[in-house]
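Student: got a predicted structure plus its sequence, pasted below:
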Amino acid sequence: SGASVVLAFWTAREVFSRGGVRAAVRIVSWTAFAGALIGLAQRATSPRLLLWTWTPLDPGGRPFGPFVNRNHFAMWLLMAGAITVGGAVTHISTHDLLRRRSLRYRVRDVLADGTGVFLAGAGGLIWLTLISSTSRGAILGLVTTLLVWFGLSRRRSRSAGTFRVALLLLIGLLGWGIWLNVGPLVNRF
């Protein structure tokens, strides 16, 4: 098991040393976006079946999306969401979409860029799906991810205004996700 982790690390390092990081981020983002949509649709229409078809062998199994265990799906969404949001932040800063002083022009520039909008929207949907899984470990992982991200980005941010806007958007997204799932979250915590 340890050898396979080391082999996967060195293989990924070699592959990404020649490029392809953006393509990998887009593939992970599209896959997670589709998985989140499927998971939410399956959860709303057929919460006891795996992908609307199969009954889990475990009588206590609570399937979510393509996973028998909702905690596994939530942790996968946590990892994919971090890659997706990181890709959005990198894309927006690489293309210098926040270079203008006016907030209105910044918003216009970001909304005019399709890739940035998709990555940011996909990241939001992925993390809302994670919250709706009510996985305590994944939600605590999400909070930790956001705290580390804000701690690291605050030192590198060129403007405090951009940092505040991003912080308010993420707090609003998390608040909305918690409000939509307040009953199940209270039961879980």
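Tutor: Right, received. Where do you want to start?

Student: do you know how far the most centrally placed residue in the chain is from residue 61?
Tutor: Central residue of the chain (Cα atoms, centre = their mean): residue 81, 1.9 Å from the mean position. The spacing between residue 81 and residue 61, counted by Cβ to Cβ, to the nearest Å, is 23 Å. Quick note: C-beta positions are derived from backbone N, CA and C, even for glycine.

Student: shaky segments in the protein?
Tutor: 98, 154-168, 189 (pLDDT under 70).

Student: now do the helices in it.
Tutor: With DSSP state H, the ranges of helices along the chain come out as 2-17, 21-45, 70-94, 103-112, 114-132, 136-156, 160-180, 182-188.

Student: just put these in JSON lines and tack on distance to residue 51.
Tutor: Converted to JSON lines, these look like this (distance: least, Cβ to Cβ, whole Å):
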{"stretch": "helix 2-17", "distance to residue 51": "27"}
{"stretch": "helix 21-45", "distance to residue 51": "6"}
{"stretch": "helix 70-94", "distance to residue 51": "12"}
{"stretch": "helix 103-112", "distance to residue 51": "34"}
{"stretch": "helix 114-132", "distance to residue 51": "15"}
{"stretch": "helix 136-156", "distance to residue 51": "20"}
{"stretch": "helix 160-180", "distance to residue 51": "23"}
{"stretch": "helix 182-188", "distance to residue 51": "21"}
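
Student: not counting residues beside it along the chain, what's closest to the residue nearest to the centre of the chain?
Tutor: Sequence neighbours aside, residue 126 is the residue nearest to residue 81 in space, at 4.0 Å (criterion: Cβ to Cβ, 6 or more residues apart in numbering).

Student: so that neighbour sits right up against residue 82, yeah?
Tutor: No - in this structure, residue 126 is not within contact of residue 82 by Cβ atoms under 8 Å, at 9.2 Å.

Student: what is the neighbour count of the residue nearest to residue 81?
Tutor: Counted with other Cβ atoms under 10 Å, the burial measure for residue 126 works out to 26 neighbours.

Student: for residue 109, same thing?
Tutor: Here the count is done by other Cβ under 10 Å, and residue 109 has 17 residues near it.

Student: these two touch, right, it and residue 97?
Tutor: Yes - between residue 109 and residue 97 there is a contact at 4.5 Å, judged by Cβ under 8 Å.

Student: which one of the helices of the chain lies closest to residue 54?
Tutor: Shortest separation from residue 54 across the helices of the chain is recorded for helix 21-45, at 11.2 Å, computed as Cβ to Cβ.

Student: okay, buried residues for the closest one please.
Tutor: 25-26, 28-29, 32-33, 35-36, 38-40, 42-43 (16 or more other Cβ atoms under 10 Å).

Student: what of stretch 124-143?
Tutor: With the criterion 16+ other Cβ under 10 Å, stretch 124-143 contains buried residues 124-135, 138-139, 141-142.

Student: re earlier: columns distance to residue 15 on top of the buried residues of helix 21-45, output as TSV?
Tutor: Converted to TSV, the buried residues of helix 21-45 look like this (distance: Cβ to Cβ, whole Å):
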residue	distance to residue 15
25	13
26	15
28	14
29	18
32	20
33	23
35	23
36	26
38	28
39	28
40	32
42	33
43	34
